[in-house]
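In: When you get a sec, could you give me coordinates for this:
(2 chains)
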Amino acid sequence: MHSKVSMNTNKNDSKWSTVIRPKTGWFDISLKDLWQYRDLITLFVRRDFVAVYKQTILGPVWFLLQPLFSTIVFTVIFGMVAKIPTDGIPHVLFYLSGIICWNYFSSCLTKSSDTFIANAGIFGKVYFPRLAVPLSVAITNMITFFIQLILLLCILIYYYLTSQVIHPNLWLLSIPFLLLEMAALGLGFGILFSSLTTKYRDLSYLLTFGVQLWMYATPVVYPMSQIPEKWRWFFIINPMAAIVETFRYAFTGAGSINFINLLWSVCITVMVLFTGIIVFSKIEKTFMDTV
Amino acid sequence: MSNIVINVENLSKSYRLGIINHGMLYKDLQSWWARTRGKEDPNTRVDVHGGKRDIDAAGHFWALKDVSFSMDEGDVLGIIGKNGAGKSTLLKILSRVTAPTKGTVKVKGRIASLLEVGTGFHPELTGRENIYLNGAILGMTRKEVDRKFDEIVSFSEIDDFIDTPVKRYSSGMYVRLAFAVAAHLEPEILIIDEVLAVGDASFQKKCLGKMGEVSKQGRTVLFVSHNLTAIRNLCPKTLLLSSGKAVKLGDTSSIINKYLIDNQKGYNIFNPIGNERIGDRMVSIEDFKIQPNPPVTGGSVKFIFSLFVKNKKPVTGIELAIAVSTSDKMPIFQVFSGHMSKDFMFPPGRSKVIVKIDYLPLMTGVYSCNLWLGKGRAPVDWIKECVLLKVESGKTKKEFIENRGYPIIIKSKWKQTVD
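Out: Next up is the predicted model:
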């Protein structure tokens, strides 16, 4: 419409640093972009970590109190009242190990599931790789996880020194891997949900309920050994089951390791993560128009 | 050879109206159920644009349609247009907040967009922490913020409160800090959307100064604003958008004139529709005429108000005024009955007021008038920008044709003496 649109754009094409165009390929995430914004991710982590406990009296102690309270409640209800066996290891140790595992996964999932809705204000005004937000959620929760892990280790050492029932073993080496898998699974589901909730807000109600239910479908308050043979198949499709069992086995030596379940769980995790990223990267381009 | 840093080609963005999404699963089901029974979709959105815009058969509304332009390195481009012309959509696409439907934008260098100041500020964090966070969100690295930190703090004038959580800041401090971070970005390309309308007058002036400075450093800047004076001061070139299309790109003053003329239905006629109108209208302005039409520089002119009193009682103590501004809204003068110690009493029904000026001190050009009718300081009927006054040079005097940026002419007598 005016003469200034120059004709030499074609030969200069390689020099463009950014090209904005309509929808691109299926798997369109730029890891380079994400790396350039690493400072932002660290600042998000800092913000989320610091801001939560500002203006509270106990501050970071809450990170420890929360799983401790849950453990006490579980010990009373499931251990003393319902008398569900714990594979012969002390109740506190049994529940706490399950709880901190589950907490990490579920907070990765629920907190990244409202990525788009909660950040619509920022996302509508400025560009940065959207994956920075869920990634920072996973990292923030990892810090919480480590704090809680220290608590678990203290209790573990106490029982290790005072009784003979627990046997920490070489599977401890798999903990970093289990942690990564939980992060991937939580993020995968989280960003999948966050993408879907841009269209259907109903799903966020479903999620809160679903996560609660999911915990009871995972051996957090009961050991795998209590599950009748005919229901075991169900735990193959629940990738968290194998993770929690392996985690607990590594610290206590109680329960069992099921390689097939573990393998399945990894496969499902990878699938979920990829689906999540694909859907997320499709939605992130236009979600501002629907949110 | 000029170095093109932004190249926009056939950029289009469409939104689908109504049927696509309701945000609630049950509403989607409701729509689907209605459609399968052949009934009207209960959730179709009412067309807010009055059906004027091109909504095609498939229900697509084109917020932007085939916009193409390019910018060289160091260009400062203003973007103007009415509400809904597509300015915000264009900025959103350029700042990668949303993707276009068609077309491409090619960019050389880092873009930072300021569609809002203080994006991502967290109330619990201190000023210092928020500077880093906001800087990172806008695309700065930690090192860059480190380097700029002292400058940002001194620009924002909040030195003593830098370690206080921003939730305890006054709104002025908050905005100053936010703008300070934004102003110290150093991208090759800067996109700005009306963020200058922040803070008090002196801070606004400081911001405008900073923007001018930025544009002089050879940075490429895109600037969207309704403030035509700011556009005129900052941008040598301007792009005019209208109904999603790029109407014209060119020299700012000619584009601003075109924009103002396009938006006005005619000269020297009373056009209150769509303009801001304040007052209880105990007496209302029904018409306003200018005689002769068009008026002539230095000539005599009559303005005729047609007024109407709706109640059965007369209204007393009414004063009238005509306030004249340049086409980009710089006030020039007013013709006010109060200055002449004159007020009026209006009987029920219709009446007229005629004001005569013997010597019209306006140079050739187009001016905008507000009409004001009030009692004391309170407006009874105040209509803004309702008359576009076009003054012509008349046949006799050639020197009246050009105004050279000075719109007023003063009648003066010149005499030469020899010592």
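In: excluding its backbone neighbours, what's nearest residue B:109?
Out: In space, and not counting its chain neighbours, residue B:109 is closest to residue B:188: 3.0 Å by C-beta to C-beta, 6 or more residues apart in numbering or on different chains. C-betas here are computed from N, CA, C, even on glycine.
In: Isn't residue B:13 up against residue B:64?
Out: Yes: under the criterion of C-beta atoms under 8 Å, residue B:13 makes contact with residue B:64 at 4.3 Å.
In: what do these two both touch?
Out: Contact criterion C-beta atoms under 8 Å, 6 or more residues apart in numbering or on different chains; residues shared by residue B:13 and residue B:64: B:86, B:89, B:93, B:100.
In: what's near enough to touch residue 155?
Out: The chain I'm using is chain A. A:92-93, A:96.
In: could you do chain B instead?
Out: B:180, B:183-184, B:206, B:210 are the contacts of residue B:155 under C-beta under 8 Å, 6+ apart.
In: Top of those by number of neighbours, please.
Out: If you count neighbours using other C-beta atoms under 10 Å in any protein chain shown, the busiest of those is residue B:180, which has 25 neighbours.
In: Dihedrals phi and psi, the residue in the stretch 101-250 of chain A that chain B sits nearest to?
Out: Using C-beta to the nearest C-beta, the single residue of the stretch 101-250 of chain A nearest to chain B is residue A:127, 3.7 Å away. In terms of degrees, to the nearest 10, the main-chain angles of residue A:127 are phi -100, psi 130.
In: Residue B:123 - how many residues pack around it?
Out: Neighbours around residue B:123, by other C-beta under 10 Å: 13.
In: Work out for me the element it sits within.
Out: Counting by DSSP states H and E, no helix or strand carries residue B:123.
In: For the closest residue in space to it that isn't next to it in sequence, give its distance to residue B:11.
Out: Computed as C-beta to C-beta, 6+ apart, the closest residue to residue B:123 that is not its neighbour in sequence is residue B:167, at 3.6 Å. In this view, residue B:167 and residue B:11 are 40 Å apart by C-beta to C-beta, to the nearest Å.
In: Which one of these two is surrounded by more residues?
Out: residue B:11 (27 against 14).
In: Give me the secondary structure label for the more buried one.
Out: strand (DSSP: H, G, I helix; E, B strand; the rest coil).
In: Name whatever forms a beta bridge with it.
Out: Counting by DSSP bridges, residue B:11 is bridged to residue B:67.
In: Am I right that it is in contact with residue B:106?
Out: No: counting by C-beta under 8 Å, residue B:11 sits too far from residue B:106 to count as a contact (10.9 Å).
In: quick one: residue A:260 from chain B, how far?
Out: 37 Å (C-beta to the nearest C-beta, to the nearest Å).
In: so residue B:69 sits right up against residue B:239, yeah?
Out: Yes: counting by C-beta under 8 Å, residue B:239 is a contact partner of residue B:69 at 6.0 Å.
In: Which one of these two is surrounded by more residues?
Out: residue B:239 (26 against 20).
In: so who does the more buried one touch?
Out: Residue B:239 sits next to B:69, B:77-80, B:246, B:248-249, B:255 when contact means C-beta under 8 Å, 6+ apart.
In: next one: residue B:103
Out: A:21-22, B:8-12, B:66-68.
In: let's go with 6 Å and repeat that
Out: When contacts are counted by C-beta atoms under 6 Å, 6 or more residues apart in numbering or on different chains, residue B:103 is found next to B:9-12.
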